[in-house]
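>>> Here's my sequence, what's the structure:
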Amino acid sequence: IMQVHFFAAARSAAGTAQLSVPLTELPSATLGALVEHLGQSLEGKTPSGLTLAQVMEQCSFLVNGARSDVQAPLQDTDRVDVLPPFAGG
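Residues are numbered from 1 along each chain as shown. Presented below is the predicted three-dimensional model:
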């Protein structure tokens, strides 16, 4: 089961800091499929009214600590970090 960790605005929109997602819930074993699944299944919003899907359009993703794009393959034991743009240095 993958562990998905949300940070900053993504955490706010997801309504949780961490979520477990079985790979079997996704139509394909890719980061893009996970992002789409999360955007459709979590319906929270940030205080400014952005949905998780809208926040994730601006996010970077780490799979097991490595920056990854939506074509990245996933395994059931992966950790995925959802990182919105951060202000400051």
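>>> from here on, contacts and neighbour counts on C-alpha atoms
Fine.
>>> separation between residue 33 and residue 46?
Per CA to CA, to the nearest Å, residue 33 is found 22 Å from residue 46.
>>> Longest helix in the protein, please.
Scanning the chain for the helix with the most residues, using DSSP state H, yields helix 31-41.
>>> same for the helix or strand that it is followed by, what does it pack against?
Past helix 31-41, further along toward the C-terminus, the next helix or strand under DSSP states H and E is helix 52-56. Identification of packing neighbours for helix 52-56 by 3 or more CA pairs under 8 Å, 6 or more residues apart in numbering; DSSP states H and E yields helix 8-14, helix 31-41.
>>> Using CSV, write out every CA atom in helix 52-56.
The C-alpha coordinates for helix 52-56 follow below in CSV (Å, rounded to 0.1, in the frame of the first residue of the first chain):
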residue,chain,number,x,y,z
LEU,A,52,-7.0,19.3,-4.2
ALA,A,53,-7.0,18.8,-8.0
GLN,A,54,-6.4,22.5,-8.5
VAL,A,55,-3.6,22.5,-5.9
MET,A,56,-1.9,19.4,-7.5
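>>> For that helix, buried residues please.
Of the residues in helix 52-56, 52, 53, 55, 56 count as buried by neighbour count, 16 or more other CA atoms under 10 Å.
>>> tell me the contacts of the spatially closest residue to residue 64 that is not a sequence neighbour?
Spatial nearest neighbour of residue 64, excluding adjacent residues (CA to CA, 6 or more residues apart in numbering): residue 79 at 5.1 Å. Applying CA atoms under 8 Å, 6 or more residues apart in numbering to residue 79 gives the contacts 2, 3, 4, 5, 62, 63, 64, 65.
>>> hmm, back to that, so which of the helices and strands packed on helix 52-56 is the most surrounded?
Counting by mean count of other CA atoms under 10 Å, helix 8-14 has the highest mean neighbour count of those, with a mean of 23.
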